[in-house]
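1. quick one: sequence plus predicted model below, questions after.
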Number of protein chains: 2
Amino acid sequence: MDDRVHDHAATLVDWSARIEAGDDVVLRVAEGAHDLAVAVAEALGRRGANLVTVADADEVHRAYLRAHDGDFETDPAYELALYDRADSVLSLDGGRNTAALADVPADRSQQYARARSGIREARLDTDWVSTVHPTRSLAQQADMAYEAYREFVYGAVLRDWESLAAEMDRLKEVFDEGSEVRIVAAGTDLTLSIAGRTAVNSAASVAYDSHNLPSGEVFTAPFDPDGVVSFDVPMTIRGRQVRDARLTFEDGNLVDWAAAQGEDVLTEVVETDAGSRRLGELGVGMNRGIDRPTGRILFDEKMAGTVHLALGRAYDACLPEGESGNESAVHVDLITEMDEDSRLEVDGEVIQRNGVFRWEDGFEA
Amino acid sequence: MDDRVHDHAATLVDWSARIEAGDDVVLRVAEGAHDLAVAVAEALGRRGANLVTVADADEVHRAYLRAHDGDFETDPAYELALYDRADSVLSLDGGRNTAALADVPADRSQQYARARSGIREARLDTDWVSTVHPTRSLAQQADMAYEAYREFVYGAVLRDWESLAAEMDRLKEVFDEGSEVRIVAAGTDLTLSIAGRTAVNSAASVAYDSHNLPSGEVFTAPFDPDGVVSFDVPMTIRGRQVRDARLTFEDGNLVDWAAAQGEDVLTEVVETDAGSRRLGELGVGMNRGIDRPTGRILFDEKMAGTVHLALGRAYDACLPEGESGNESAVHVDLITEMDEDSRLEVDGEVIQRNGVFRWEDGFEA
C-alpha cells in the first residue's frame, strides 16, 4: 500500500482525532475508501483503541431510502446508543459515484435526516473528524486524472499542521483584535464588521475545534457588510453550477445579487429566510497544498490565496458567550481568489496583498 | 442486478429472519457481499425496518488485530449497546480472499474473541441469520467457476423452504419417537442411541431456531455409539485437509481413529478433552440444492444424501430440559455419503435407503 495512505491514517488518528488507548472509535467507511480504512484500523490497533466499522455505502443507502415509505422511526435506540457512547467518529469519504444518490427523492432524504437528528447530535458531540480518500469518482468530479488527484489530496492532507496552526494563529489574533475587514479584489470592494467576534483557527484537529481533514482556514462571523463582492471560483450549489456570483450590500443589507451562471439557485438560496440574506461567515483559506478548486467545498474553501463568505448561518464558536449570530436554514459558501491587485485589510492595515500575507516572503508593504 | 440476488434478500429477510416494521436490524457485510447488501437494504426499507450497516471487512480486521498488542478491552460498551438493543443481526459472508486472515497470530484472534464474549452472546440473543453471497473467492475455494458457483449457491438458498420444512418434520418425528439409529454404508456400520433426545428441524428460519441460510438438515444429540463409521466427504479442519477419516466406537467409547490424509489434525481434535472423544451431533442433510461438497461446512453438512456426525459439543436444543449433553471445547463435523448399499434405520425400520427416504419416489422397501 502507498505510504501516503498510512501517513494519511496517522495524521487522522494522531493530529486530527487525538485517539488514545481505550477510546471507543466508530469508523465510517465509504464504498471507495477501503484502503484508507485498512490503514486507519492498523493505526487504531497500534494505539489500543476500540473499533466498530460502519459501512457508509451510498448504494446501500440509496436502496434503503427509495424502498422506505418515508415514515422513519425517530432515532432508533440501538444506533443512538452506539454514537452516544462513542468517543470518536471518523468518517472516510470517497465513493465510487458522486451521483449515487441522484434518484433518491429529496423529501425522503430530508425525512430520514429529520428522524435522525438525535443521532446526528450524538455524533457531533464526539471527537468527530471527516476526511476523504482519493477515489476515481472524486478525481472525475475534480476534472483530474486519478494519479494527479491523489497527489492533490495528499498535498492537501499531509501538511506540517503544527506550523500551519501557528501561522493561522497570527491571522486569528489580527481578527480577534480587529473591528473592520476590507476585501479588495477584481470586482470586489467590501467592508465587514468583526468587532467582538472570535475567529476560529481551523487546523484540522479536534484540539482546535476543527473537524475536517484537510482543513486550513481562519474564519469568523462578520456583520454589517457594505459594498460589492464577486466570487470567481466556480461552485456547485445543490448540484448546480454557479459562476461569477456577485452580491451587493448597503448598510448591512443585501440589495442586489446576480450570477453569470446559476443565478436561479443563488436566488433560491437568498430567498430561503431572513438569515439567508445576511452573511454568516468570513473565511480565509490558508492551505497551500490546495492550489485549485476541485468542486468539493471541503477543499475549495481552504485554498490558499482565497477568501470565502457564506450566506446564512453563523458558527456559535465565533460569537460572544450567550449571543446568537445570524440564524438561517442555509450556509452556502462562495469563494473569491485574492490574486493580482487584491488586498485584505483589518482596521486599515494591509494583512494580505495579492494573496501574500504580511509575514510571508514577497509581501509588498 | 441478477434477480436471484433480490430473491436471496427476500428469502433472508422474510423466511429466515422474519423481519417486521420497526425491527432494529444490524446488517454485517463482508467485503465481497456489496450487491446482496444493496438488495437486503431495499427489502428492509420496504418492510419499514431500521438499518445499521456494519462493515465486516477481513482486511480491516486483519490490520487491526495484527497492530493491537492483544490486551483487548472487554466488551466495549458502545458496541455491546448496539447488539444488545438490536432485534436482528443479518451477516452477509462472502469475502475476496478466504486466506485474508492467514497471518493473524492465532492467540491474537483468540484474545479478541474472548474479550468480546458478551458482544457475541448479545448477538446470539437476537434473531440472527448468517448467509453467503457467492464471490469469486468462494468459487475458488469450491474449485468451481464463478458462474457455476453462483448457480450452486442460489440452488441451495432459493428452495421451497415451506415444503422442505414439512418434509424435515417427518424425519424429526421419526427421530423424536425413536430410540436407536443405525447407519450402514461403505465402511460404516454404526448404532447410536437417541432415546429421550429431541431433533431440530433446521429449516433456515429463526421460526425453527435455525440461523443459517441455506440450511436443510435434521439433527439430534446421540449417545452410546457402537461400531465403525467412515467419512468419505473431504473436509477442511483447522485449515488442513482430512480425507477418509474413520472412527471406531465400542460401548460408547472411541477406541480407534484413522484417516488417509490429515490424521494428525484428527488426533488433535480427538485429544482436546474428554468430550471430544464422544459424539455431540447426528445430522441428516436434506437440501437437494446442495449436490456436492464445496469446502464450507455451512453447505456441506446440508447436502442431501449425506449423514454427518460431530465429535464434541452437543446442542442444548436436543436435550431434555435441564439435562446437559456432551460438553467439549470442540464441535467438528465429519460427513458420510449415503449412496449405494447404504441405509439409515431407526429402531430397525429403514428410513432411508441408498439416499432415498421412505416417503420419496423410488424408495425400495
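-> Thanks, I have it.

2. report pLDDT for residue A:322.
-> Looking at residue A:322, its pLDDT stands at 85.

3. also residue A:319?
-> pLDDT, the model's per-residue confidence, is 93 for residue A:319.

4. OK, contacts around it?
-> With contact set as CB atoms under 8 Å, 6 or more residues apart in numbering or on different chains, residue A:319 has these partners: A:197-198, A:221, A:325. Placement of C-beta: from N, CA and C, glycine included.

5. farthest-apart pair in those, please.
-> Farthest-apart pair in these is A:198 and A:325; separation 11.0 Å (CB to CB).

6. which residues do these two both contact?
-> Common neighbours of residue A:198 and residue A:325 are listed as A:318-319 (criterion: CB under 8 Å, 6+ apart).

7. and these two? Which one has more around it.
-> Applying other CB atoms under 10 Å in any protein chain shown to residue A:198 and residue A:325 shows that residue A:325 carries more neighbours, namely 21 against 16.

8. would you mind measuring from the more buried one to residue A:275?
-> 9 Å (CB to CB, to the nearest Å).

9. who touches both of these two?
-> Contact criterion CB under 8 Å, 6+ apart; residues shared by residue A:325 and residue A:275: residue A:313.

10. contacts only, for the residue of chain A positioned farthest from its centre.
-> Most distant residue from the mean C-alpha position of chain A: residue A:69, 32.1 Å away (CA atoms, centre = their mean). With contact set as CB under 8 Å, 6+ apart, residue A:69 has these partners: residue B:48.

11. point to the residue nearest the middle of chain A.
-> The central residue of chain A, meaning the one whose C-alpha is nearest the mean C-alpha position (CA atoms, centre = their mean), is residue A:298 at 4.1 Å.

12. state the helix or strand in which the nearest residue to residue A:101 once chain neighbours are set aside lies.
-> Taking CB to CB, 6 or more residues apart in numbering or on different chains as the measure, residue A:101 lies nearest to residue A:62, with 5.3 Å between them; neighbours along the chain are not counted. Under the criterion of DSSP states H and E, residue A:62 resides in helix A:58-67.

13. what is the mean pLDDT for that helix?
-> Predicted confidence along helix A:58-67 averages 98 (mean pLDDT).

14. please see if the following helix or strand past that helix touches chain B.
-> Following helix A:58-67 in sequence order, the next helix or strand is helix A:77-85 (DSSP H and E). Yes. Where contact is defined by CB under 8 Å from any CB of the partner chain, part of helix A:77-85 touches chain B, namely A:77-79, A:81-85.

15. what do you get for stretch A:37-50?
-> Yes. Contact of stretch A:37-50 with chain B is found when judged by CB under 8 Å from any CB, involving A:37-39, A:41-46, A:48, A:50.

16. ok, those vs residue A:111, which is closest?
-> Among the residues of stretch A:37-50 next to chain B, residue A:37 lies closest to residue A:111 (CB to CB), at 29.3 Å.

17. correct me, but that closest one touches residue B:57?
-> Yes. Distance between residue A:37 and residue B:57: 6.9 Å, which falls inside the contact criterion (CB atoms under 8 Å).

18. the two: which is more packed in?
-> Comparing residue A:37 with residue B:57 by neighbour count (other CB under 10 Å), the higher total belongs to residue A:37, at 27 against 24.

19. now do the same contact list for the more buried one.
-> Residue A:37 makes contact with A:27, A:29, A:53, A:92, B:55, B:57, B:60, according to CB under 8 Å, 6+ apart.

20. residue A:109 too?
-> With contacts defined as CB under 8 Å, 6+ apart, residue A:109 is in contact with A:65, A:101.

21. give me the three-state assignment for residue A:171.
-> Secondary structure for residue A:171, judged by DSSP: H, G, I helix; E, B strand; the rest coil, is helix.

22. what's across from the nearest residue to it once chain neighbours are set aside in the sheet?
-> With CB to CB, 6+ apart as the criterion, residue A:171 has its nearest non-adjacent residue at 4.5 Å, and that residue is residue A:218. On DSSP bridges, the residues paired with residue A:218 through beta bridges are residue A:201, residue A:284.

23. I figured residue A:218 hits residue A:286, correct?
-> Yes. Applying CB under 8 Å as the test, residue A:218 and residue A:286 come out as touching, 6.6 Å apart.

24. list residues touching both of these two?
-> Taking CB under 8 Å, 6+ apart as the contact criterion, the common neighbours of residue A:218 and residue A:286 are A:168, A:171.

25. what residue in the stretch 201-350 of chain A comes nearest to chain B?
-> The shortest separation between the stretch 201-350 of chain A and chain B is 17.7 Å, found at residue A:206 (distances taken as CB to the nearest CB).

26. SS state for the nearest residue to that residue once chain neighbours are set aside?
-> Closest residue to residue A:206 in three dimensions, ignoring its sequence neighbours and counting by CB to CB, 6+ apart: residue A:127, at 4.3 Å. Per three-state DSSP, the secondary structure class of residue A:127 is coil.

27. next: the one 10 residues further on.
-> Using three-state DSSP, the three-state assignment for residue A:137 comes out as helix.

28. do I have it right that it meets residue A:144?
-> No. At 11.6 Å, residue A:137 and residue A:144 do not qualify as touching, with contact defined as CB under 8 Å.

29. dump the residue contacts of residue A:362.
-> Contacts for residue A:362 (CB under 8 Å, 6+ apart) come out as residue A:356.

30. do you know how far it is from chain B?
-> When CB to the nearest CB, to the nearest Å is applied, the distance between residue A:362 and chain B equals 44 Å.

31. quick one on the thing from earlier: any chance of the contacts of residue A:319 in TSV, plus distance to chain B, secondary structure and pLDDT?
-> As requested, the contacts of residue A:319 are arranged in TSV below (distance: CB to the nearest CB, whole Å; DSSP: H, G, I helix; E, B strand; the rest coil; pLDDT from 0 to 100):
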residue	distance to chain B	secondary structure	pLDDT
A:197	37	coil	96
A:198	33	coil	96
A:221	34	coil	96
A:325	33	coil	87
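
32. can you tell me how far residue A:107 sits from residue B:212?
-> Relative to residue B:212, residue A:107 is positioned 39 Å away (CB to CB).

33. repeat for residue A:229
-> 63 Å.

34. where does the stretch 151-300 of chain A have low pLDDT?
-> In the predicted model of the stretch 151-300 of chain A, no residue satisfies pLDDT under 70.

35. up against chain B, what does it have?
-> Counting by CB under 8 Å from any CB, no position of the stretch 151-300 of chain A is adjacent to chain B.

36. where do the helices of the stretch 151-300 of chain A begin and end?
-> Along the stretch 151-300 of chain A, the segments classed as helices by DSSP state H, counting those that start in this stretch run A:161-177, A:263-270, A:297-300.

37. OK, contacts around the closest residue to chain B within the stretch 51-200 of chain A?
-> Of all residues in the stretch 51-200 of chain A, residue A:67 sits closest to chain B, at 3.2 Å by CB to the nearest CB. With contact taken as CB under 8 Å, 6+ apart, residue A:67 is in contact with B:41-46.
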